[in-house]
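Undergrad: Sharing a model that was predicted from the sequence below.
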Amino acid sequence: LAHVWDGAQASTLSARALYWVPRVPHRQREAFEKNTRANGAPDFRIHDGPGSAAAPARPLYFPLLMGEPAGRQGDQIGYDLGNNVWLLQEFLRADETGGAILSIDRRAKTASLIAPVQDRSGPRSETLGFVMAEYDLDALLMPPALRGFSSQAAEVKMILVDETVAHEHNLLLSVNLAPA
């Protein structure tokens with residue numbers, strides 16, 4: 001993950017953070033926690049937030065296991081991102097499609113690119129987990145939107161629409177952009 005992070009920082013539209021989020025079925029939870037503790041995280045447990053008890057039983061867990069830049073996640077290690085209904089839906093959608101998805105949180109002004117990592121060695125591919133890149137929405141959209149506009153240009157309205165929903169468009173974002 002650190003190697004990927006270093007490479008990503010060289011790009012113009014670099015991620016604010018990069019995370020590894022394994023997909024852990026309930027039947028594998030105990031072994032997963034034990035293995036993670038044995039591999040350098042002695043206090044590791046899947047939980048619902050800093051200071052909370054262990055996460056209750058669920059069919060699937062999506063615990064934050066590591067992130068870059070290092071140290072940014074602190075006591076979030078082990079936090080079950082599947083506890084967040086919105087993120088749970090996004091992980092399940094990426095798992096089902098087998099492809100990366102872009103998820104936008106307008107309130108937090110972030111965009112998350114969630115890409116499944118699959119083991120295709122067996123007869124059926126199995127999702128092992130997800131690489132999740134988190135972007136600042138303004139930094140992601142504004143430079144490309146304003147490229148080519150002069151400082152004399154009027155304000156530009158940008159809308160981002162999800163057209164994958166059958167028979168209706170889902171407005172994800174609407175912003176007014178002004179050149180610097």
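TA: In hand now; what should we look at? Just so you know, these numbers come straight off a predicted model, no measurement behind them.
Undergrad: Any idea how many residues pack against Glu126?
TA: 12 (other Cβ atoms under 10 Å). C-beta here means a position set from N, CA and C on the backbone, and glycine is covered the same way.
Undergrad: go on, the one 10 residues further on?
TA: By the criterion of other Cβ under 10 Å, Asp136 has 16 neighbours.
Undergrad: my guess is it meets Arg16, correct?
TA: Yes. If you go by Cβ atoms under 8 Å, Asp136 and Arg16 touch, sitting 5.4 Å apart.
Undergrad: any shared contact partners between those two?
TA: Thr110 (Cβ atoms under 8 Å, 6 or more residues apart in numbering).
Undergrad: In terms of helices and strands, where is Arg45?
TA: Counting by DSSP states H and E, no helix or strand carries Arg45.
Undergrad: can you count the residues close to it?
TA: 16.
Undergrad: so what's it up against?
TA: Taking Cβ under 8 Å, 6+ apart, one finds 33, 54, 78 in contact with Arg45.
Undergrad: what's the nearest residue to the second one if we skip its chain neighbours?
TA: Read that as Ala54. Counting by Cβ to Cβ, 6 or more residues apart in numbering, Ala54 lies nearest to Arg45, which is 5.1 Å off, once chain neighbours are set aside.
Undergrad: elements contacting the lengthiest helix in the chain?
TA: Assignment by DSSP state H gives helix 85-97 as the longest helix of the chain. Applying 3 or more Cβ pairs under 8 Å, 6 or more residues apart in numbering; DSSP states H and E, one finds that helix 85-97 contacts strand 101-105, strand 110-119, strand 126-136.
Undergrad: Fine by me, we can end here.
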